[in-house]
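In: Here's a sequence, model it:
(3 chains)
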Amino acid sequence: MDREPASGDLPPYLASLNPEQQAAVLHSGKPLLILAGAGSGKTRVITTKIAYLIREKGVDPRSILAVTFTNKAAREMAERARRIDERAGDAMLRTFHSFGAWFLRRNGSLGSLDSGFVIYDDDDTTALLSTIMEDAPKAEVKQMAQSISRAKDFFLSPDDPGLARINYREEFRAVYTQYEERLRRIGNVDFGDLIKKPVEILRGFPDAARRFRDRFRVILVDEYQDSNIAQFELLKELCGSETYVCVVGDDDQSIYRFRGAEVRNILEFPDRFPGTDIIRLERNYRSTAPILALASSVVDRNKDRLGKTLRAERGNGKTPVLAFLPDQDAEAAFCAELIENSARSGTKRENGVRAAYSDWAILYRTNAQSLGFETELLRRKIPYRVVGSLKFYEREEVKDALALLSFLINPRDEVAFRRVVNKPARGVGAATVDRIARAAAAFSEESAQAGGDLSTAARALLPELSAKAGAGITAFLGAIAAGALTLNVDKPDDIVASNGVIASNGVIAGNDVEPRNVSKRQRTKSREELRAGEGLSVCVVKLVQDAGIAGYHLAHDEIAGNQRIANLQELANAASLYPASREGLLEFLEHIELDRSAEEERKENSEDSVTLITLHNTKGLEFRRVIMTGIEQGVFPRDDKKGDDLEEERRLFYVGATRAMDELYLSSCAMRRMFGRTMPVEPSIFLREIDRASLRVIGSAPYEFASANRVSRSGKAGALEKKSEEGWQVGDRLFHDDYGYGGVAEIRESEEGPVVRVRFETGKELHFLSLHQSSRFMKVGDD
DNA sequence: TAGTTTTAAGTTTTT
DNA sequence: CTTAAAACTA
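Out: Model prediction:
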């Protein structure tokens, strides 16, 4: 009865929803908070709601703003909504940051920001800051950069009395002030500005605010539990009395506190938006009951939560497995073994289909852990893809190329200038660069026109410089100028520039012409149709060659050089998707800063492969079979996490476990290599918190786990300690990488420690020393 | 000042 | 162990 709603006349796309989902879609009139548990179909609710509003309520798609957490989620959401109703493609689906960039390109001038700004990433921010904190160690600069970023997350300006709670250091306020001043002069923005500045503009210019409220009548926010204070402020400014606002989230899945996310945003939403209706989605359609029970038993320990009761609609299933393993090599082998067995022929999915590699995901806490798995999977020829660790845009040569492009766009970009002006060495040393920077700064005090333009300043200084430095500067500026020539002169379709200001008639200029439309058209071309040398790539190739970046890397490092050239070529290929104009370049740079996942997308659809991914990156994803690895104290949870931080780690565990649809495996090692040294580690405290009934333990478990579902070993009392150390006794079954299954036939002491005689199923008999620490084999369950 | 060698430090998680 | 930062030499 609670399966199908009693409403007969609903269109199929609505009728197939459960009553709560349906209520959420049909809801109107008041603010709505949807508390959506893991796997409860929240994406479906949002996409359906968008389609429903357009189709049934006659809402103009262009007046709908849907905010997601990642660009990937935004794309997926757009696609799913479009599948229900094509017109949903006209709704604005973006991340908070990308929305902020869109906003500032149009309205930045209200906050004295030129529309041609470039977005600084953390690296650039740190580079700028290090020119302010001249002789501070880099670690200190980095920390300060982080503090500034955090301050912006909390919507704190340099003059805010509350700054101390971000960073208690005295100089923080002064550094923050200087940083803001420098960034303003350069004319660029950092990540935090993409949220903070729009709020300031909306507050300072009520007319602008009114226009935006008129435009966006419906605002939907996904993953609301991970929004920060500044984002909350932005949401508030965008919402007028007429705006329909709906936020969706799950307090148990809030995992970005470290980055400024504020769980209270979701907990206190009803207070901030009076009259809020709350709808709970508590039916889980993804995981089997034991998986859900396991996940819940851990997160249930948290104090600060709304609490919910997730019901597993799929019913019972395989009991999750916890494997205790000697070390990370054994862990990698364990994962590979599971995957190979299932893919080869062994286990089949419940519907009888052979498991695919893509059914599997290996989850870990830190990116560094992926390496061991990669090595093992490579060795066994199991196809895999690593999600998120692709640091393509962070590579030195790529950043060099991007700095050239940034400087081309914005000659005030001191960070970019400093990065590449003397690369390769052109005799332009630090002293010269400082002189130029000072001269440019002086300019901006005299005339707003020349304001901080480093090219102009450098040219003006030429007569005073040494012959060597002068020649270097000339060469560099020449390369930049030549690059600029490859861009088409700004035409009337110079949309960004013409849309820089809100038109006086009260309509946001550019409403009917999206600045992205040029490239949207181009992007629909398949990759194959595009050749290097087309579009923007001409500019990239020319700059990289003329400015000597390609030559520098080729000459500098013989081995890595060719790879670096290939990376630069790859960057040029990516640029070919954009028109060779100033706007195209701006768009290209913005895309790179805000959406670095594009490269992974291609692989995603290609080969059937195992997914290697950090726990954080799994948000919003699901897999049939999940292995959560490294469930050890110090790794997960990390170090001495306690209090709120520990609760966040618990939520991370919950997120990871609830990704699994059919099968869940946990692995915990006795030893782990850290900083090159192998160290003993304790099992994670989370393992102790798991409801033991929803777990099957295999491997050489520490004593406390060697009970319950495991056949316990009745050893001599005095051998207890030894058991947890060695964990072997006669009769134990094991699996060896090279020899297959076997059983322990005899244990005897020797000078080097216990020696174990193993009889394998092949009939082979071998002696091993110190079994526990070997990576070649592992204990398997008795059943 | 550029490029080398030596020493130290460090791994969360990301828009 | 790997990488980045400081120290040193040509």
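
In: Just want the residue of chain A that's nearest DNA strand C.
Out: Going by CB to the nearest atom of the strand, DNA strand C is nearest to A:G676 of chain A, at 2.9 Å. All C-beta atoms are positioned from the backbone trio N, CA, C, and that covers glycine.

In: So for chain A, which residue is the most central one in space?
Out: A:N617 (5.6 Å; CA atoms, centre = their mean).

In: and that residue, that one's in a helix?
Out: Yes - A:N617 forms part of a helix when assessed by DSSP: H, G, I helix; E, B strand; the rest coil.

In: now it, nearest residue through space, not along the chain?
Out: A:G388 (4.4 Å; CB to CB, 6 or more residues apart in numbering).

In: Now do the same for the one you found: helix, strand or coil?
Out: Quick answer, by three-state DSSP: A:G388 is coil.

In: any idea how far it lies from A:E647?
Out: 24 Å (CB to CB, to the nearest Å).

In: try A:V25
Out: Counting by CB to CB, the gap from A:V25 to A:E647 is 32 Å.

In: Pick out whichever of these two has more residues nearby.
Out: A:V25 (25 against 22; other CB atoms under 10 Å).

In: re the thing from before, the residue nearest to A:N617 contacts A:L612, correct?
Out: No - using CB atoms under 8 Å as the test, A:G388 is too far from A:L612 to be in contact (9.2 Å).

In: So which of these two has more stuff around it?
Out: A:L612 (26 against 16).

In: Count the neighbours of the residue nearest to the more buried one when sequence neighbours are not counted for me.
Out: Once flanking residues are discounted, A:L612 sits nearest to A:V386: 4.6 Å by CB to CB, 6+ apart. Look at A:V386: counted by other CB under 10 Å, it has 22 neighbours.

In: Contact partners for A:V386?
Out: The contact partners of A:V386, by CB atoms under 8 Å, 6 or more residues apart in numbering, come to A:370, A:374, A:612-613.

In: Please list only the buried members of those residues.
Out: Using 16 or more other CB atoms under 10 Å as the burial test, the contacts of A:V386 include A:370, A:612-613 as buried.

In: possible to save these as JSON lines with pLDDT?
Out: Output for the buried ones among the contacts of A:V386, formatted as JSON lines (pLDDT from 0 to 100):
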{"residue": "A:S370", "pLDDT": "89"}
{"residue": "A:L612", "pLDDT": "92"}
{"residue": "A:I613", "pLDDT": "92"}
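
In: Sitting in helices, which of those do you find?
Out: Among the buried ones among the contacts of A:V386, DSSP state H puts A:S370 in helices.

In: from the buried ones among the contacts of A:V386, which is closest to A:N265?
Out: A:I613 (26.1 Å; CB to CB).

In: can you list the residues of chain A near DNA strand B?
Out: Selection of chain A residues close to DNA strand B by CB under 7 Å from any atom of the strand yields A:69-71, A:95-98, A:121-122, A:139, A:149, A:191, A:256, A:258-259, A:365-368, A:388, A:422, A:425, A:427-432, A:594, A:596-597, A:614, A:616-617, A:638, A:645, A:674-676.

In: In strands only, show me those.
Out: Judged by DSSP state E, the subset of the residues of chain A next to DNA strand B located in strands is A:95, A:614, A:674.

In: could you pull out the helices for the stretch 501-650 of chain A?
Out: Ranges of helices within the stretch 501-650 of chain A are A:517-523, A:537-546, A:549-556, A:558-575, A:582-594, A:598-605, A:644-657, based on DSSP state H, counting those that start in this stretch.

In: quick one: the residue nearest to the centre of chain A and A:V387 touch, right?
Out: Yes - using CB under 8 Å, A:N617 is in contact with A:V387, at 5.4 Å.

In: Where does pLDDT dip in the stretch 301-450 of chain A?
Out: Applying pLDDT under 70 to the stretch 301-450 of chain A flags residues A:344-354, A:389-390, A:444-450.
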